[in-house]
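Colleague: Could you look at this predicted model? Sequence included:
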2 protein chains.
Amino acid sequence: MNTNRINSWLPSANMAGCEFPLANLPYAVFSSADQIHHIGVGIGDKIANLNALEEAGLLDSLDQSLRDAVKQSALNQLMGLGHKQWHALRLRLTELFSNSVYQDKVEPCLIPQSEVAFHLPCQIGDYTDFYTSVHHATRVGSLFRPDNPLLPNYKWIPIGYHGRASSIRVSGEAFKRPAGQLKAPDAERPVLELCKRLDYELELGIFIGKGSQLGTPISMADAEQHVFGVSMFNDWSARDIQAWEYQPLGPFLSKNFFSSLSPWVVPMAALEPYRCDWTRDAEDPQPLDYLDSKANRTKGAIDIKLEVWIETAKMRANNQPAERLAKSNFKDSYWTIAQMVAHHTVNGCDLKPGDLFGSGTQSGPDLEESGSLLELTVGGKNPITLSNGEQRTFVEDGDRIILKGYCGDDQLRIGLGQVDNLVQAGNKP
Amino acid sequence: MNTNRINSWLPSANMAGCEFPLANLPYAVFSSADQIHHIGVGIGDKIANLNALEEAGLLDSLDQSLRDAVKQSALNQLMGLGHKQWHALRLRLTELFSNSVYQDKVEPCLIPQSEVAFHLPCQIGDYTDFYTSVHHATRVGSLFRPDNPLLPNYKWIPIGYHGRASSIRVSGEAFKRPAGQLKAPDAERPVLELCKRLDYELELGIFIGKGSQLGTPISMADAEQHVFGVSMFNDWSARDIQAWEYQPLGPFLSKNFFSSLSPWVVPMAALEPYRCDWTRDAEDPQPLDYLDSKANRTKGAIDIKLEVWIETAKMRANNQPAERLAKSNFKDSYWTIAQMVAHHTVNGCDLKPGDLFGSGTQSGPDLEESGSLLELTVGGKNPITLSNGEQRTFVEDGDRIILKGYCGDDQLRIGLGQVDNLVQAGNKP
């Protein structure tokens, strides 16, 4: 289904650069005056209430399981139905928003996005964070392990580790700077103090749709049929806590104090036109068979443009706009979404609808394309200077960090929305 | 409440060595003929159906919230009510099972444990595995990092990492040997093969009861009020997958293929008589304030005896009984349950009712007290010989591994039940 050139009867959906044209149709969970959580779909500057569409009889042509699923307060049930049902729903929504014969019936089901509150799109069962950007891994590795930046397993294994689901929040929530054990390299003992090296991580959030059975791996051929869609994800990190705690079992309190997702889940179908070759250097090893497929080589990657913006307290006070810190692209990822799924399940680990994968910080080959301040400031050694003269090595209290993502260009754009968090002063321990 | 010497009108609960005397009263989720999941409490050789007790009017003296919670199909709601409600329920159950005036009304609510199927006791939101045995950490560290066995952070931080909740199953479920990337130290490249070094880990499972708010640490003084109870836990591990994947972000596929819990959750109140000093060596550092309290020093530890048993396919064929491989004790743990809770939340990470902590493999100071084969066989170098002449370096197909735990002695015993899994041949990848 190429919906790129079909227009909607809703003018805002057809405007150049609109993040939510007819070709996008991302899902979200929202509430309005009635405070009830509903599933919605973004179109132009509106969100369509799927419960209302169903009650208006506009989804009667769909399977009962689908009509039940869209009336839930979270996406898990819809996610679990699988790609054929997702396709049927997307087709019907495209019809409803494009054919003006439906306009009178659909319009009462639309609410301005500016008037709703967003919630997490689903109950996240398990959250796994990957580490798929070789540029990030190399730059960070050189700081934590100067002698040994990129470990020998990196180009064989899509490295991942388990994260904390309970502390994931939707965009817009502020959080307090965390405290934790810190130990200066030359100090004799650690201390409990507020984190001094607070950092963002520019990531894609990848939602599992249909689950899998314990003991049954998912092949590369089937992998993307288990993926419901993608969001923006900020894997907030406390670098000083991380440096002291992470060996030998990995990051823990340095990550689980707060993570944040954009409200929108963009279906994989909307990303289809932006698929591209999965390329790597000539000297990089051929992956093992379970991580390889022709389809993955020719269209495993996705051209998703990613950006980090900052708005400091001073900028806010002076009515200055937020400023871009960096941009990168998910197509530079060393490992693809299909490879993450195939690897995660090769040992029989089961996936459930609503599980979340973080892509890992997405950094490009150039230093300016760094998806974290740790990289941009070379471990805090080279502060960056903002246009108003302020300097940053890490995130300061009062800073708002905004991650954005989109496919396409100024004309036709598939927006992933943004994840936007304000950092507040922490409670001194 | 010291219920140690009170007898039940149910004779099996009063027998010497019974795992479920009146002083225990562990919770479980079970189903019988009607296939419906109910919350039950173990007493003698029976399980009391709490839904049936409530419907018989026997819990009418309790708060409505408690009466609602015990009628659920999982423990989460009860867990979330907090320790005052848990205490009220425990007091009432003790009364019902000890005062013979209730016998006629209670007996119809009892089912032989041998006639029910057990299920996971709750929905596990997040699962965190700790690493609290210094003896385990030192012995394993010496295998993975001969030059650097115990890392400098070990005696300051209750090291933990996030694990996978979806693949946790209740005792009794068999599983297939997993496949994964393995790389021999001298091999040029990894291969995808069945795990050759499959291992158990003798752990305690610790269930969070009342949750906490994001941004709000739990102090040592409050920590155990957030703990509902403990189970036996086997954190099955693939050592060869682990060795190749675990750097820099920790274990992943080497752990998440299968983990297993005993059906019973023993309330903290039942463990009270077995609390003991939390001791460490004179040269060990004084923990930071947020990990220290007088109550923790004097009764932070718990004397829980732990055992590993094996039944090989050959033993089964020859009607030989299972054989004990090792025993250890949770009181040798370097870190206590309260310290795990206080550390996990010091950065503001929130906990939810039903979250699970693994204690980490519990090994004692002597090699024979090793809670894993990796330690017992010194990394597979020294096979152990079973009494029937069979040898083991790691777990083989057809082996059943049984972990057991209990407090007390042959007279009065508080059983944690057992976690029992059969390993089946894996599917060749």
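Modeller: On my side now, so go ahead.

Colleague: need the contact list for the residue in the stretch 301-429 of chain A that chain B sits nearest to.
Modeller: Nearest residue of the stretch 301-429 of chain A to chain B, counting by Cβ to the nearest Cβ: A:N347, 3.9 Å away. From N, CA and C alone the C-beta is placed, and that goes for glycine too. A:N347 is in contact with A:217, B:178-180, B:195, B:238, B:241, B:253, B:256-257, counting by Cβ atoms under 8 Å, 6 or more residues apart in numbering or on different chains.

Colleague: CA atoms only: put the top strand by length along chain A into PDB for me.
Modeller: Ranked by residue count, the top strand of chain A under DSSP state E comes out as strand A:413-424. Only the C-alpha atoms of strand A:413-424 are listed here, as PDB (Å, rounded to 0.1, in the frame of the first residue of the first chain):
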ATOM      1  CA  ARG A 413       7.300  13.700   6.400                       C
ATOM      2  CA  ILE A 414       6.600  10.700   8.700                       C
ATOM      3  CA  GLY A 415       7.000  12.100  12.200                       C
ATOM      4  CA  LEU A 416       7.900   9.900  15.200                       C
ATOM      5  CA  GLY A 417       6.900  12.800  17.400                       C
ATOM      6  CA  GLN A 418       9.200  13.800  20.200                       C
ATOM      7  CA  VAL A 419      10.300  12.900  23.700                       C
ATOM      8  CA  ASP A 420      10.700  15.900  25.900                       C
ATOM      9  CA  ASN A 421      11.800  15.900  29.500                       C
ATOM     10  CA  LEU A 422      12.700  18.700  32.000                       C
ATOM     11  CA  VAL A 423      15.400  17.900  34.500                       C
ATOM     12  CA  GLN A 424      14.700  19.200  38.000                       C
END
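
Colleague: residues of that strand that come out buried?
Modeller: If you call a residue buried by 16 or more other Cβ atoms under 10 Å in any protein chain shown, then strand A:413-424 has these buried ones: A:413-423.

Colleague: So the helix or strand hosting A:M340, near chain B or not?
Modeller: Using DSSP states H and E, A:M340 sits within helix A:337-345. Yes - judged by Cβ under 8 Å from any Cβ of the partner chain, helix A:337-345 and chain B are in contact via A:343-344.

Colleague: Strand partners (parallel or antiparallel) of the following helix or strand past that helix?
Modeller: Per DSSP H and E, helix A:337-345 leads on to strand A:356-358 as the next helix or strand towards the C-terminus. Paired neighbours of strand A:356-358 in the sheet (DSSP bridges): strand A:127-130 (parallel), strand A:202-208 (antiparallel).

Colleague: Pull the contacting residues for the closest residue to A:D235 other than its chain neighbours.
Modeller: Residue nearest to A:D235 in three dimensions, not counting chain neighbours: A:E201, with 4.0 Å by Cβ to Cβ, 6 or more residues apart in numbering or on different chains. If a contact means Cβ under 8 Å, 6+ apart, then A:E201 has A:234-237, A:358, A:360-361, A:371-372 as its contacts.

Colleague: who wins for neighbours among the residues you listed?
Modeller: Neighbour count (other Cβ atoms under 10 Å in any protein chain shown) singles out A:G371 as the most crowded of the contacts of A:E201, with 32 neighbours.

Colleague: quick one: contacts for the nearest residue to that residue once chain neighbours are set aside?
Modeller: Spatial nearest neighbour of A:G371, chain neighbours left out: A:L202 (3.4 Å); criterion: Cβ to Cβ, 6+ apart. Residues near A:L202 by Cβ under 8 Å, 6+ apart: A:234, A:306-308, A:326, A:328, A:361-363, A:371-372, A:403.

Colleague: Tell me the residue of chain A that sits nearest chain B?
Modeller: Shortest chain A-to-chain B distance, computed as Cβ to the nearest Cβ: residue-wise this is A:G250, at 2.5 Å.

Colleague: count of neighbours near the residue nearest to A:L291 when sequence neighbours are not counted?
Modeller: Spatial nearest neighbour of A:L291, chain neighbours left out: A:Q339 (4.9 Å); criterion: Cβ to Cβ, 6+ apart. For A:Q339, the neighbour count with other Cβ under 10 Å is 25.

Colleague: In this model A:G300 seems to touch A:Q339, though I could be wrong.
Modeller: Yes - counting by Cβ atoms under 8 Å, A:Q339 touches A:G300, with 7.3 Å between them.

Colleague: Alongside chain B, which residues does the stretch 251-400 of chain A contribute?
Modeller: Contact residues, the stretch 251-400 of chain A versus chain B (Cβ under 8 Å from any Cβ): A:251-254, A:256-258, A:285, A:288-290, A:343-344, A:346-352, A:355.

Colleague: What subset of those is buried?
Modeller: A:251-254, A:256-258, A:288, A:290, A:343-344, A:346-352, A:355.

Colleague: longest helix of chain A?
Modeller: Counting by DSSP state H, the longest helix found in chain A is helix A:83-98.

Colleague: Flag every buried residue along that helix.
Modeller: Buried residues in helix A:83-98, defined by neighbour count with 16+ other Cβ under 10 Å: A:83, A:85-86, A:88-90, A:92-94, A:96-98.

Colleague: quick one, helices of the stretch 151-300 of chain A?
Modeller: Here the stretch 151-300 of chain A has its helices, by DSSP state H, counting those that start in this stretch, at A:220-223, A:239-245, A:268-271, A:294-299.

Colleague: Let me know which of those helices is the nearest to B:S8.
Modeller: Nearest of the helices of the stretch 151-300 of chain A to B:S8, taken as Cβ to Cβ: helix A:239-245 at 46.9 Å.

Colleague: The closest one close to chain B?
Modeller: Yes - under the criterion of Cβ under 8 Å from any Cβ, helix A:239-245 makes contact with chain B via A:241, A:244-245.

Colleague: What ranges does the stretch 201-350 of chain A have for its strands?
Modeller: A:202-208, A:227-234, A:237-238, A:259-261, A:266-267, A:275-276, A:301-302, A:305-311, A:323-329 (DSSP state E, counting those that start in this stretch).

Colleague: Averaged pLDDT, the fourth one. What do you get?
Modeller: In this case it means strand A:259-261. Averaged across strand A:259-261, the pLDDT comes to 98.

Colleague: so what secondary structure elements neighbour it?
Modeller: strand A:168-170, strand A:227-234, strand A:413-424 (3 or more Cβ pairs under 8 Å, 6 or more residues apart in numbering or on different chains; DSSP states H and E).

Colleague: Thanks a lot, catch you later.
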